[in-house]
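Q: Sequence first, predicted coordinates after that:
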Amino acid sequence: MSYNIVINGFQEYFDDNGDNSKIELSSEAEFLEKENKFFIDYDEELITDCENSHTQIEIGDDYVAMHRSGAVKSEMLFIKDKRTASLYETPFGFLNINIYTTHLDKSITADGGHISIEYIIDADNKKLSKNSFDIQITKK
């Protein structure tokens, strides 16, 4: 069965400019339950300019993991009140980042649901950005 996802994201940078950005993405996605976890799969090329990009979001009991492949590759793990290491691979090189999840709320059933995450990204012990995203999953 097909599902729709809507992702609202916000990013605030810790630099002298204090820039921030908001984004809303909508896409058709596969959503399934397997081995007591939920999975959301969608192609980003349909909603961004990232050609051949695919994202899988894995939702476990106490975590959310995001696996991205394509021109930009990343593995991000969100666990409330935990700092996790992540490797971000771009066409320009690799970046080791850390993710500190300050908020993680999810309500997921086989019919869909929502996920809300807030986190801080740092590299080399320097805060880079404060981020958040909300994902709504609904049957098509």
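A: Yes, it's here.

Q: From now on I want contacts and neighbour counts done on CA atoms only, so please keep to that.
A: Fine.

Q: For the chain, which helix or strand comes out least confident on mean pLDDT?
A: strand 20-34 (a mean of 87; mean pLDDT, DSSP states H and E).

Q: Now do the contacts for the nearest residue to residue 64 once chain neighbours are set aside.
A: Spatial nearest neighbour of residue 64, excluding adjacent residues (CA to CA, 6 or more residues apart in numbering): residue 78 at 5.2 Å. Residues in contact with residue 78, defined by CA atoms under 8 Å, 6 or more residues apart in numbering, are 63, 64, 65, 84, 99, 100, 101, 104, 117.

Q: just the buried members of the residues you listed?
A: Neighbour counting by 16 or more other CA atoms under 10 Å classes 64, 65, 99, 100, 101, 104, 117 among the contacts of residue 78 as buried.

Q: The closest residue to the fifth one other than its chain neighbours: neighbouring residues, count only.
A: It stands for residue 101. The shortest distance from residue 101 to any residue other than its chain neighbours is 4.2 Å, reached at residue 119 (CA to CA, 6+ apart). Other residues within reach of residue 119, judged by other CA atoms under 10 Å, total 24.

Q: Next: residue 60.
A: For residue 60, the neighbour count with other CA under 10 Å is 15.

Q: Count the residues that sit near the nearest residue to it once chain neighbours are set aside.
A: Leaving aside its sequence neighbours, residue 60 sits nearest to residue 37 (CA to CA, 6+ apart; 5.0 Å). The burial count assigned to residue 37 is 13, neighbours taken as other CA under 10 Å.

Q: Cool, thanks, talk later.
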